[in-house]
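1. Let's see this in three dimensions:
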Amino acid sequence: MCAPVLVMAKGPTLKITIKGSDLASPVEITEKGILEKFNVWIGAGVRINGIREAKGFIVDWEKGPVAEPRTTLRRSEGSFDVMHQGPSSYVVSYAYDPVTGTEFTHPIHS
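-> Residues are numbered from 1 along each chain as shown. Purely as a prediction, here's the structure:
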């Protein structure tokens, strides 16, 4: 008798840190129940258990490209510390345009 086993090549999110000019100090999230909701490894072109992922972690691929954000928008930075062949980080810049309701994310480094 065989049972299918979920195999994840990449590990979990260990910590999320949010920095921004509107914050007195960085916000760190380490609560396991919250971290389990964030998987930086999903997105277009990725298959999990043979099923192709359509939604991205920080990108809505179905909407297509958007214009560059105005340089006057306030920005914040999100750092996702993850386990993948040892600890590593996935860092993105985030901006929100309240006039258009558009959110902008951009990878900084990983």
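
2. Parallel or antiparallel, list what pairs with the longest strand seen in the chain.
-> Criterion DSSP state E: the longest strand present in the chain is strand 87-97. Strands adjacent to strand 87-97 in the sheet, as given by DSSP bridges, are strand 75-83 (antiparallel), strand 102-109 (antiparallel).

3. OK, contacts around residue 95?
-> By Cβ atoms under 8 Å, 6 or more residues apart in numbering, the residues touching residue 95 are 69, 73, 74, 75, 76, 103, 104. Backbone N, C-alpha and C define where each C-beta goes, glycine included.

4. Doesn't residue 34 lie inside a strand?
-> No. Applying DSSP: H, G, I helix; E, B strand; the rest coil, one finds residue 34 to be helix, outside a strand.

5. what about the chain, any weak spots by pLDDT?
-> Along the chain, the model assigns pLDDT under 70 to residues 1-10, 44-48, 54-57, 59-61, 109-110.

6. Please repeat the previous calculation with a cut-off of 50.
-> Applying pLDDT under 50 to the chain flags residues 1-8.

7. Dump the longest strand of the chain to CSV, keeping only the CA atoms.
-> Extracted in CSV, the C-alpha atoms of strand 87-97 (Å, rounded to 0.1, in the frame of the first residue of the first chain):
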residue,chain,number,x,y,z
PRO,A,87,18.4,30.4,5.9
SER,A,88,17.9,33.1,3.2
SER,A,89,15.7,36.2,2.7
TYR,A,90,13.3,37.3,0.0
VAL,A,91,13.0,41.1,0.1
VAL,A,92,10.5,43.3,-1.7
SER,A,93,9.6,47.0,-2.0
TYR,A,94,6.0,47.9,-1.6
ALA,A,95,4.1,51.1,-2.6
TYR,A,96,0.4,51.9,-2.6
ASP,A,97,-1.3,54.6,-4.7
